[in-house]
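1. build the 3D model from these lines:
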Amino acid sequence: MGPAAMMLARRYLLPLPRSLASIPNSAVQMSSSASIQSLADLCDDHASSPQRLSVVEPGLFSIYGKLPRFHGQIETVRCFESNPMVRTVLSTPGQNRVLVVDGGGSKRVAILGDQIARLAVDNCWAGVIVNGCIRDSAIINGLNIGVKALGTHPVKSLKTYPGERGVAVNFGGVEFVPGQWIYSDEDGIVVSKEPMH
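-> Just a heads-up that it's a prediction; the model follows:
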C-alpha cells in the first residue's frame with residue numbers, strides 16, 4: 001500500500017494492514033511530500049506554456065512547518081487583522097488543498113497560530129500561505145504542514161471581522177483564484193490554471 005492510499009485509509013478510518021498500522025500519519029505525509037517535484041523542474045517542464053504560470057514576487061515569504069514543498073488546489077480567505085474565517089475554513093476537510101490568506105500584508109498581528117495550524121494538519125490541508133504574519137512559529141515548525149508567511153508576530157489577531165471566503169485575492173504580483181493550482185517550495189511560489197504534477 002502506497003503513501004497516498006495509506007493517507008486515504010487513515011482519513012476515512014479504513015483498517016490498515018497490520019504491518020502498516022503502526023506508521024504515524026507524519027511519516028505518511030512526509031513520504032508523500034518527499035516525492036513532490038521541485039518548482040524549478042516543474043517550471044522547466046512547463047516552459048512552453050508560460051502564460052499559464054504566475055510566479056509570486058521572490059523574497060516576500062519565509063518558510064515554516066516541516067513540509068517546505070507542498071501543492072494543491074487553491075482555497076482563499078480575505079481578512080484584515082481578524083482571523084475567524086481562517087479557523088472556520090481550516091476546520092473543514094482540506095482534501096490536500098492550500099489555503100491562501102490575504103491578510104492585507106499587515107505585520108501588526110498574527111493571522112495564524114499553532115492551534116489553527118493543528119486544525120489544518122488534522123483536516124488534511126496541504127499548506128497555508130499567509131499575506132501577513134503567524135505566531136507560535138517554533139510549534140508550527142514541528143507540524144507536518146507547509147506554511148509561508150511574511151514573518152512572525154507575537155500578538156494574536158482580532159476576532160471582530162469574519163472575513164470572506166472563496167474570493168479572488170491579489171498580492172505578490174499574482175492573482176490567486178479558488179480552484180486553480182498552487183505550488184510552493186524553497187525556491188518560491190507558482191500559480192497555474194491547470195495542474196502541473
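2. what about A168, distance to Y64?
-> For A168, the distance to Y64 equals 25 Å [C-beta to C-beta, to the nearest Å]. Where you see a C-beta, it was placed from the backbone N, CA and C, and this is true even at glycine.
3. neighbour-wise, which of those two wins?
-> Neighbour totals were compared for A168 and Y64, and Y64 leads with 27 against 14 (other C-beta atoms under 10 Å).
4. so the more buried one makes contact with L150?
-> No - the criterion here is C-beta atoms under 8 Å, and Y64 misses it with L150 at 11.1 Å.
5. just confirm V77 is within a strand.
-> Yes - under DSSP: H, G, I helix; E, B strand; the rest coil, V77 sits within a strand.
6. and it, what does it touch?
-> Contacts for V77 (C-beta atoms under 8 Å, 6 or more residues apart in numbering) come out as 85-86, 89, 99-102, 163-165.
7. is it bridged to anything, and to what?
-> Note on V77: beta-bridge partners by DSSP bridges are V101, R165.
8. just the pLDDT for it.
-> Looking at V77, its pLDDT is 98.
9. before we move on, the earlier item: and the contacts of V77, which are buried?
-> Listed as buried from the contacts of V77 are 85-86, 89, 99-102, 163, 165; burial here means 16 or more other C-beta atoms under 10 Å.
10. need these in a markdown table with distance to H71 and pLDDT, can you?
-> A markdown table is the format used below for those (distance: C-beta to C-beta, whole Å; pLDDT from 0 to 100):
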| residue | distance to H71 | pLDDT |
| --- | --- | --- |
| M85 | 23 | 98 |
| V86 | 20 | 98 |
| V89 | 18 | 98 |
| L99 | 13 | 98 |
| V100 | 12 | 98 |
| V101 | 17 | 98 |
| D102 | 19 | 98 |
| G163 | 24 | 95 |
| R165 | 21 | 98 |
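11. what pLDDT does the residue nearest to the spatial centre of the chain get?
-> Nearest to the mean C-alpha position of the chain, by C-alpha atoms, centre = their mean, lies G127 at 1.7 Å. On pLDDT, G127 comes in at 98.
12. good, wrapping up.
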